[in-house]
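K.L.:
kindly return the folded structure for what I paste below:
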Amino acid sequence: MTTTALEPAAGLVLPDLEQVYDLLADAIDQAGPDKTELLLVKLSLLLAQALGDRARVAGLLQTALRDL
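P.N.:
Numbering: from 1, shown residues only. Next comes the predicted model:
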(Lines give C-alpha, C1' and ligand atoms only; values in the text may rest on other atoms or scores of the structure.)
Protein backbone atom coordinates (compact mmCIF):
# COMPACT_ATOMS: atom_id res chain seq x y z
CA MET A 1 0.00 0.00 0.00
CA THR A 2 1.34 3.44 -0.95
CA THR A 3 0.61 6.48 1.21
CA THR A 4 0.49 10.11 0.11
CA ALA A 5 1.71 13.14 2.02
CA LEU A 6 -1.82 13.63 3.35
CA GLU A 7 -2.21 10.09 4.67
CA PRO A 8 -0.50 9.02 7.89
CA ALA A 9 1.92 6.12 7.39
CA ALA A 10 1.00 4.37 10.63
CA GLY A 11 -1.78 6.67 11.71
CA LEU A 12 -2.35 8.32 15.03
CA VAL A 13 -5.87 8.50 16.35
CA LEU A 14 -7.22 11.89 17.39
CA PRO A 15 -6.52 11.47 21.13
CA ASP A 16 -2.89 10.63 20.33
CA LEU A 17 -2.62 13.67 18.07
CA GLU A 18 -4.05 15.84 20.85
CA GLN A 19 -1.41 14.49 23.24
CA VAL A 20 1.32 15.21 20.68
CA TYR A 21 -0.05 18.75 20.33
CA ASP A 22 0.11 19.19 24.10
CA LEU A 23 3.68 17.84 24.23
CA LEU A 24 4.70 20.19 21.44
CA ALA A 25 3.06 23.18 23.11
CA ASP A 26 4.84 22.36 26.39
CA ALA A 27 8.18 22.00 24.60
CA ILE A 28 7.69 25.36 22.86
CA ASP A 29 6.94 26.96 26.23
CA GLN A 30 10.07 25.38 27.72
CA ALA A 31 12.24 26.53 24.82
CA GLY A 32 11.01 30.10 25.11
CA PRO A 33 10.47 32.61 22.31
CA ASP A 34 14.18 32.94 21.49
CA LYS A 35 14.68 29.19 20.95
CA THR A 36 11.31 28.10 19.51
CA GLU A 37 12.49 28.20 15.90
CA LEU A 38 15.61 26.16 16.73
CA LEU A 39 13.50 23.61 18.62
CA LEU A 40 11.10 23.20 15.70
CA VAL A 41 13.94 22.80 13.18
CA LYS A 42 15.67 20.19 15.36
CA LEU A 43 12.40 18.34 15.90
CA SER A 44 11.62 18.43 12.18
CA LEU A 45 15.00 16.95 11.29
CA LEU A 46 14.67 14.24 13.94
CA LEU A 47 11.18 13.33 12.71
CA ALA A 48 12.37 13.33 9.08
CA GLN A 49 15.19 10.97 10.01
CA ALA A 50 12.74 8.72 11.88
CA LEU A 51 10.37 8.74 8.90
CA GLY A 52 13.20 7.86 6.54
CA ASP A 53 11.55 9.09 3.34
CA ARG A 54 12.81 12.35 1.83
CA ALA A 55 10.01 12.57 -0.75
CA ARG A 56 7.36 12.10 1.92
CA VAL A 57 8.99 14.78 4.07
CA ALA A 58 8.92 17.15 1.06
CA GLY A 59 5.23 16.44 0.54
CA LEU A 60 4.43 16.98 4.19
CA LEU A 61 6.31 20.29 4.14
CA GLN A 62 4.14 21.45 1.25
CA THR A 63 1.04 20.36 3.15
CA ALA A 64 2.18 22.29 6.23
CA LEU A 65 2.79 25.43 4.16
CA ARG A 66 -0.79 25.50 2.92
CA ASP A 67 -3.07 28.09 4.49
CA LEU A 68 -0.51 29.60 6.88
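
K.L.:
how many other residues sit next to the residue nearest to residue 20 when sequence neighbours are not counted?
P.N.:
Closest residue to residue 20 apart from its sequence neighbours, by C-beta to C-beta, 6 or more residues apart in numbering: residue 12 at 6.9 Å. All C-beta atoms are positioned from the backbone trio N, CA, C, and that covers glycine. When neighbours are defined as other C-beta atoms under 10 Å, residue 12 has 11 of them.

K.L.:
any weak-confidence spans in this protein?
P.N.:
1-10 (pLDDT under 70).

K.L.:
show me where it has its helices.
P.N.:
Counting by DSSP state H, one finds helices in the chain at the ranges 14-31, 36-51, 54-65.

K.L.:
any chance of the ones you listed in CSV, plus mean neighbour count?
P.N.:
Shown next, in CSV, are these (neighbours: other C-beta atoms under 10 Å):
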stretch, mean neighbour count
helix 14-31, 11
helix 36-51, 12
helix 54-65, 12
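
K.L.:
I'd assumed residue 55 was in contact with residue 48.
P.N.:
No. With contact defined as C-beta atoms under 8 Å, residue 48 and residue 55 do not form a contacting pair (11.1 Å).

K.L.:
gap between the residue nearest the centre of the chain and residue 22?
P.N.:
Residue closest to the mean C-alpha point of the chain, counted by C-alpha atoms, centre = their mean, is residue 44 at 6.1 Å. Residue 44 sits 18 Å away from residue 22, taking C-beta to C-beta, to the nearest Å as the criterion.

K.L.:
and residue 41, by the same measure?
P.N.:
21 Å.

K.L.:
now swap in residue 31 and tell me
P.N.:
Residue 31 is 15 Å from residue 22, by C-beta to C-beta.

K.L.:
ok, now residue 67?
P.N.:
22 Å.

K.L.:
and if you look at residue 53?
P.N.:
In terms of C-beta to C-beta, residue 53 sits 26 Å off from residue 22.

K.L.:
ok, the closest residue to residue 40 other than its chain neighbours - contacts?
P.N.:
Nearest non-adjacent residue to residue 40, counting by C-beta to C-beta, 6+ apart: residue 28, 7.8 Å away. Residues near residue 28 by C-beta atoms under 8 Å, 6 or more residues apart in numbering: 36, 39, 40.
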